[in-house]
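Visitor: no FASTA, just this:
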RNA sequence: GGAGAGGUGUCUGAGUGGUCGAAAGAGCACGCCUGGAAAGUGUGUAUACAUCAAAAGUGUAUCGAGGGUUCGAAUCCCUCCCUCUCCGCCA
């Protein structure tokens, strides 16, 4: 969430930036500022009264110790009104803060100056395109049919034991999953990301820290009995590793990678675009996360983008990089690149990665800070990216690499799969 | 699931009504000492908010969370949360 002090000092800029994000309730900014003003005034008065009451209490203690009971009693008699006022002002302050926070969490992050103006996915800018469309055999199949033909993924079996969107990977399909996970983790390690295996369920505080809550609880599976959420991405547990932490400047950047399964309710999705592996309730993903010094975060974002692109290149996939426009960017992001691979049989682009810099938007909620050169605490920047999400990579691999003889496994994966062909 | 113990600063740990943001030790930082290091020694070492142009300073809050008693709460009372130990179950 945005820092109130920043909004206070940069009202015009905040409004101008929110407009780029196509934010519909700019009036919230002034409401926040008014409440902030209230808050400061109220706290000021409360602090003053509390100071008087504290001083009196201290004096009473001294008088009692000196055995001066009469004066102590006289002073006691005067404390009643302060007590009342402290309570009243305290309640008022709490109410103001509650309202302030309710409004504050509704404000999205401010987009970086390089973010293109736009309203929807149509307005995203293609920043880079790599590779060329593969030539497929005449009888080319979409991945869900390939998966059935070679017995790689059984969607119906998943429906039986769980429901739609929970595929069962079988045979070489299962091995391919494991190979991709291991390959992505190894590549992340080479790039300096330290692997962690976090819990797959998180508490409410974690969901709030990375901004899934309070807004997007509908996207997450919730375990009512224990008040825990199934993670929609490893971003949530991994970034929350550093909640309430003050890092040393020399510890930055913190770089972690994690493979987790991800769970998304994706309520209301249907149709051809969600067929097969295109959209699942449970899927595998390797995520990379960084905690960065504010001066370095954009440089690191570019590095993460290049890391993801390197993976796609080594897998031999045609892809493009999108610079998301303000209207299509996530709530918490300041700058996002989406990577999409070309799915040759479906004849469409599939999003396989999203790399974002959240600046201090998450760290402000997480209270994730570092000690800067002046020895003061300062909010760190958080970044993350998928490197990579498996299902659509698998979809693209199957479709784009299909031949008359079967499906060719990319060279870099063979040491992991231990087979070169599916077929 | 049953029984018990406990939550204090970076850590260990003292503190059962006032002088406690909190002893002591460890750690860490800086200095002295040293040819250099170790040892020794000295000093410092929470966070947030407010006030201020800013810093200094000052005020307020925070000893798991919330509420209560009291002039005054880390300390007493209530509720909740969490952790640990033992037993049971179990990969």
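Guide: Thanks, I have the structure now. These figures come from a predicted structure and were not determined experimentally. Residues are numbered from 1 along each chain as shown, chains lettered A, B, ... in the order given.

Visitor: return the helix or strand in chain A with minimum mean pLDDT.
Guide: helix A:69-78 (a mean of 78; mean pLDDT, DSSP states H and E).

Visitor: tell me which strands and helices that helix is in contact with?
Guide: Applying 3 or more Cβ pairs under 8 Å, 6 or more residues apart in numbering; DSSP states H and E, we find helix A:69-78 packed against helix A:27-65. (C-beta placed from N, C-alpha, C; glycine too.)

Visitor: the helix it packs on near RNA strand B at all?
Guide: Yes - contact of helix A:27-65 with RNA strand B (Cβ under 7 Å from any atom of the strand) involves A:40, A:43-44, A:46-48, A:50-51, A:53-58, A:60-61, A:64-65.

Visitor: so how far is RNA strand B from the closest residue in space to residue A:228 that isn't next to it in sequence?
Guide: Excluding the flanking residues, the one nearest residue A:228 by Cβ to Cβ, 6 or more residues apart in numbering is residue A:201, at 4.3 Å. Distance of residue A:201 to RNA strand B, given as Cβ to the nearest atom of the strand, to the nearest Å: 12 Å.

Visitor: is residue A:201 in a bridge, and if so with what?
Guide: Beta bridges link residue A:201 to residue A:230, judged by DSSP bridges.

Visitor: pick out the residue in the stretch 101-250 of chain A sitting closest to RNA strand B.
Guide: With Cβ to the nearest atom of the strand as the measure, residue A:246 is the residue of the stretch 101-250 of chain A nearest to RNA strand B, at 6.1 Å.

Visitor: tell me which element residue A:89 falls in.
Guide: Secondary-structure assignment from DSSP states H and E places residue A:89 in helix A:80-104.

Visitor: rewinding a little: need the buried ones from the residues of helix A:27-65 next to RNA strand B selected in ChimeraX.
Guide: This is how ChimeraX selects the buried members of those, with burial counted by 16 or more other Cβ atoms under 10 Å:
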select /A:43,46,50,53,60
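
Visitor: for the residue nearest to residue A:228, give me its contacts.
Guide: Contacts for residue A:201 (Cβ atoms under 8 Å, 6 or more residues apart in numbering) come out as A:223, A:226, A:228, A:229, A:230, A:231.

Visitor: as TSV, those residues with pLDDT would be great.
Guide: Shown next, in TSV, are the contacts of residue A:201 (pLDDT from 0 to 100):
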residue	pLDDT
A:223	86
A:226	82
A:228	88
A:229	90
A:230	92
A:231	93
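
Visitor: so which of these is the most crowded?
Guide: Neighbour tally across the contacts of residue A:201 (other Cβ atoms under 10 Å): the maximum, 29 neighbours, falls on residue A:231.

Visitor: so it makes contact with residue A:282?
Guide: No - using Cβ atoms under 8 Å, residue A:231 is not in contact with residue A:282; the gap is 10.9 Å.

Visitor: which residues do those two both contact?
Guide: Residues touching both residue A:231 and residue A:282 (Cβ under 8 Å, 6+ apart): A:262, A:263.

Visitor: show me what from the stretch 151-300 of chain A comes close to RNA strand B.
Guide: Checking the stretch 151-300 of chain A against RNA strand B by Cβ under 7 Å from any atom of the strand, the hits are residue A:246.

Visitor: could you pull out the helices for chain A?
Guide: A:4-9, A:11-20, A:27-65, A:69-78, A:80-104, A:143-149, A:155-161, A:171-190, A:204-209, A:235-240, A:297-314, A:361-366, A:390-400, A:414-417 (DSSP state H).

Visitor: now chain A, which segments are flagged as low pLDDT?
Guide: A:267-272 (pLDDT under 70).
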